[in-house]
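Colleague: sequence plus the predicted model coming up.
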Amino acid sequence: MSGYLEARPRVGYFYAGRPASSIISERLHKLYVKDYKAVPIVVSESASAYDAIVTLFLEDVGTLFVVNQKGYLAGVVSRKDLLRASLGNKTLEDVPVSIIMSRMPNIITCGPEETLFAAAKKLIDFQIDSLPVVNPSAEDPRMMELTGRVTKTTIAKAFVELGSEPKV
Ligand code: ADP
């Protein structure tokens, strides 16, 4: 099962000669987003930048997903989006997150059935920390239902788990 040995009738077991790297890579490509995703932390579009900062601290996350009145994904607001909004003399209670967030349809997402490797590649390619895990809504496929989040921490956890597997 590990790929080191193969069996042939009337020959018996023999060393398959597969390098460990190909076995690790095969294992890596069998990890799925649905099995590793974390709970999404959301704020509503009408929340203020102040509320969003409080939520960041209370939930101990770096990125919040913004949802519209129906609960569908409307955007993403990151730590630096909020820091930028705090520069100057604005009253943060009066700044709605909807004007500082990155918004749909420009949000990079992943689906539950995608591999964790594909999600990690998106994080690297788009230089972002977090991906919303979404399903298209049954009532309107352009709208995205939020089912989770994949962050750099999710990838680090999977990496550690993979490295902690018993050695063959
Ligand atoms: P930070 O801004 O705290 O470094 P990120 O690197 O994740 O965090 O975000 C960089 C920028 O990309 C921010 O403006 C943020 O709104 C945006 N962003 C973050 N995640 C996504 C995403 N999944 N899709 C599109 N834009 C995103």
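Modeller: It's in.

Colleague: quick check, central residue of the chain?
Modeller: Closest residue to the average C-alpha location of the chain: V150 at 1.6 Å, with Cα atoms, centre = their mean.

Colleague: got the end-to-end distance for stretch 120-140?
Modeller: Using Cα to Cα, to the nearest Å, the end-to-end distance of stretch 120-140 comes to 28 Å.

Colleague: skipping its backbone neighbours, what lies nearest L73 in space?
Modeller: In space, and not counting its chain neighbours, L73 is closest to M144: 4.3 Å by Cβ to Cβ, 6 or more residues apart in numbering. Heads up, the C-betas are built off the backbone N, CA and C, glycines and all.

Colleague: residues touching that neighbour, list them.
Modeller: Y72, L73, M104, T109, P132, V134, N135, P136, S137 (Cβ atoms under 8 Å, 6 or more residues apart in numbering).

Colleague: just the buried ones among these, please.
Modeller: Y72, L73, M104, T109, P132, V134 (16 or more other Cβ atoms under 10 Å).

Colleague: now, the contacts of M144 that are in strands?
Modeller: Of these, the ones assigned to strands by DSSP state E are L73, P132, V134, N135, P136.

Colleague: got these as TSV, with pLDDT and distance to R18 columns?
Modeller: What follows is these, written out as TSV (pLDDT from 0 to 100; distance: Cβ to Cβ, whole Å):
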residue	pLDDT	distance to R18
L73	98	42
P132	98	37
V134	98	36
N135	97	36
P136	96	39
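
Colleague: which one of these is nearest V97?
Modeller: Nearest to V97 among the ones in strands among the contacts of M144: L73, at 13.2 Å, using Cβ to Cβ.

Colleague: closest to V66 out of the buried ones among the contacts of M144?
Modeller: Nearest to V66, judged by Cβ to Cβ, of those is L73 at 7.6 Å.

Colleague: that'll do, ta.
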